[in-house]
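K.L.:
the following comprises the amino acid sequence and a computationally predicted model.
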Amino acid sequence: MSNQHKIKRRGMMLVLSSPSGAGKTTISRELLERDENLSMSISTTTRPPRPGEEDGRDYYFTSPEQFKRMVSNGEFLEHAVVFSNSYGTPRAPVETALAKGLDVLFDVDWQGTQQLAHSARHDLVSIFILPPSHQELEHRLRKRAQDTEAVVRERMSKASSEISHWDAYDYIIVNHHVRDSVSGVEAIIAAERLRRSRQTGLPDFVKGLIGEG
């Protein structure tokens, strides 16, 4: 094992955002499969569990009253209301992971990313995934065959608003091919893991080097 691997490091909060159909979910799945140091953030929600969902694995399920108390107590890094249900990222498990040098992947939109930046800017690395073109985005949405025509039109309409916030992100990747996009995100992760401020064990390591000199 190299000396680099021995240096203590603080983990990062990695955000991937994109309009629906741009490939964010596919890229995220590939990253999670290939990187054992990366895990998906688990959100707290007030919506009831769907068949097959487990508390603590898919979501942390809670009541609207408890969710409000958690908001008041500052227990969320970010939170929002989606289709009358509340969703939020609990602070404690993320902080625990970061302190252990583990990286946490977030699937949030622009507003969620802004909240995360306000809560923990130094830990945040944000990436926006763009489609190659408007036409290709529509083609990918239709190819999925998951949505009705009305839903596809709604998603395309919403995409323009989402894409307009591209310049709020640290990195931009145009997803021509999933393999190349995954490699691009992995390059970003590798570089960010080497950021001086993130390598909390560097001062002691350097002291040792100077002492050995």
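P.N.:
Happy to help now that I have it.
K.L.:
what sits against the spatially most central residue of the chain?
P.N.:
For the chain, the residue nearest the mean C-alpha position is residue 106 (2.1 Å; Cα atoms, centre = their mean). By Cβ atoms under 8 Å, 6 or more residues apart in numbering, the contact set of residue 106 is 13, 14, 15, 16, 41, 89, 112, 113, 116. The way it works is simple: take the backbone N, C-alpha and C, and place the C-beta from them, glycine included.
K.L.:
do the same with residue 166
P.N.:
128, 130, 172.
K.L.:
quick one: those residues as JSON lines, columns for pLDDT too.
P.N.:
Converted to JSON lines, these look like this (pLDDT from 0 to 100):
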{"residue": "128", "pLDDT": "97"}
{"residue": "130", "pLDDT": "95"}
{"residue": "172", "pLDDT": "98"}
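K.L.:
just send the residues you listed back as a markdown table, with secondary structure, distance to residue 47 and neighbour count too.
P.N.:
Formatted as a markdown table, the contacts of residue 166 follow (DSSP: H, G, I helix; E, B strand; the rest coil; distance: Cβ to Cβ, whole Å; neighbours: other Cβ atoms under 10 Å):
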| residue | secondary structure | distance to residue 47 | neighbour count |
| --- | --- | --- | --- |
| 128 | strand | 27 | 25 |
| 130 | strand | 30 | 18 |
| 172 | strand | 32 | 13 |
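K.L.:
from the residues you listed, which is closest to residue 99?
P.N.:
Nearest to residue 99, judged by Cβ to Cβ, of the contacts of residue 166 is residue 128 at 27.3 Å.
K.L.:
partner residues bridging the closest one?
P.N.:
Under DSSP bridges, the beta-bridge partners of residue 128 are residue 17, residue 172.
K.L.:
make residue 1 into 312 and carry on from there
P.N.:
Will do, 312 is the new start, and the previous item becomes residue 439.
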